[in-house]
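Engineer: Fold the following, please.
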Amino acid sequence: MPIIQAVERALLILDLFDERTPELKITEIGTRMGLHKSTVHSLVRTLQARGYMEQDVDSGKYRLGLRLIEKGQQVLQSMDIRQVAKPSLELFTQSTGQTTHLVILDGDEGVYIDKVEGELAPIRYSRVGRRVMLHTSSVGKLLSAYQSDAWIDGLLERYEFVRLTAKSITDAAAFRRELELVRECGYAVDNEENEIGVRCAAVPVFDHRGHTSAAISVSTLRSRVDDRGLENLITELQQTAAEVSRRLGYKL
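Structural biologist: Here you go, the predicted structure:
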């Protein structure tokens, strides 16, 4: 089926906005899109009329509108795995004081679909709806490791290894070795590869078909949790994931 150009352009405009770029002028949107100012103005005004964008009266800049929150919540509410996993995440966080996340794979990135903040490890970089790189995060490594070899080959043909910290993986060979280790261990670890001072571990959640449907992770502050403590958290996290998998119909 043909792609409707106007619709694609409108969606690409929405994709321009993120945490680093919360607001843009019409001219800035036009430059990034390679479109004439009048075309951009028509697209933006249409999005604004439907509530998907709004304009700051003082600066004249545009930002994402509240309608996206409404639609995002509808998507999240429709995800059975989020509803099933929520009580287990809350119980784990109450027991350990650590922050937990529920993440799914979307294209070449992971997406946080739920988060329970722990009082012992407040994690600033994560939030529901935010995307995370596969090579720097425990959830990204975990979700990648449980894909087929063909999928991994295809990923590495196009993947860009951005260095976020001095400990980040920066090449395909090292990433492959890491995925092999994850498959052997059954869990993945981010050792300050996404943010200095933060270590995370992730384990898989299986659905009724035995497919990996999500990853559950625990995020800790290195200053508060040593290696032995992280190992203990991983054990408890595996038990949590097993319970969520069981509720999804997975037979151990």
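
Engineer: which SS state does the most far-flung residue of the chain relative to its centre fall under?
Structural biologist: In terms of distance from the mean C-alpha position of the chain, Ser38 ranks first, at 34.7 Å (C-alpha atoms, centre = their mean). Here Ser38 is recorded as helix under DSSP: H, G, I helix; E, B strand; the rest coil.

Engineer: contacting residues for it?
Structural biologist: Listed by C-beta atoms under 8 Å, 6 or more residues apart in numbering, Ser38 has no contact partners. C-betas here are computed from N, CA, C, even on glycine.

Engineer: What about Leu89, how many residues nearby?
Structural biologist: Leu89: 21 surrounding residues under other C-beta atoms under 10 Å.

Engineer: Repeat that for Tyr112.
Structural biologist: 20.

Engineer: any weak-confidence spans in the stretch 101-250 of the chain?
Structural biologist: 121-125 (pLDDT under 70).

Engineer: What does Ile4 show for phi and psi?
Structural biologist: For Ile4, the backbone dihedrals are phi -80, psi 110 (criterion: degrees, to the nearest 10).

Engineer: Look at it and report its pLDDT.
Structural biologist: Note on Ile4: pLDDT of 90.

Engineer: count of residues packed around Asp15?
Structural biologist: Close neighbours of Asp15, defined as other C-beta under 10 Å, add up to 8.

Engineer: Looking at strand pairing, list the partners for the closest residue to Gln98 other than its chain neighbours.
Structural biologist: Once flanking residues are discounted, Gln98 sits nearest to Gly118: 4.3 Å by C-beta to C-beta, 6 or more residues apart in numbering. Residues in a beta bridge with Gly118, per DSSP bridges, are Ala121.

Engineer: Verify the contact between Gly118 and Thr100 for me.
Structural biologist: Yes - using C-beta atoms under 8 Å, Gly118 makes contact with Thr100 at a distance of 7.2 Å.

Engineer: where's Ala49 relative to Arg67, distance?
Structural biologist: According to C-beta to C-beta, to the nearest Å, Ala49 and Arg67 sit 11 Å apart.

Engineer: Looking at those two, which one has more neighbours?
Structural biologist: More crowded of Ala49 and Arg67, by other C-beta under 10 Å: Arg67, with 14 against 10.

Engineer: does the more buried one really touch Gly51, like I thought?
Structural biologist: Yes - between Arg67 and Gly51 a contact is recorded at 3.4 Å, counting by C-beta under 8 Å.

Engineer: what's Tyr62 in contact with, if anything?
Structural biologist: Listed by C-beta under 8 Å, 6+ apart, the contact partners of Tyr62 are 23-26, 29, 44, 48, 53-56.
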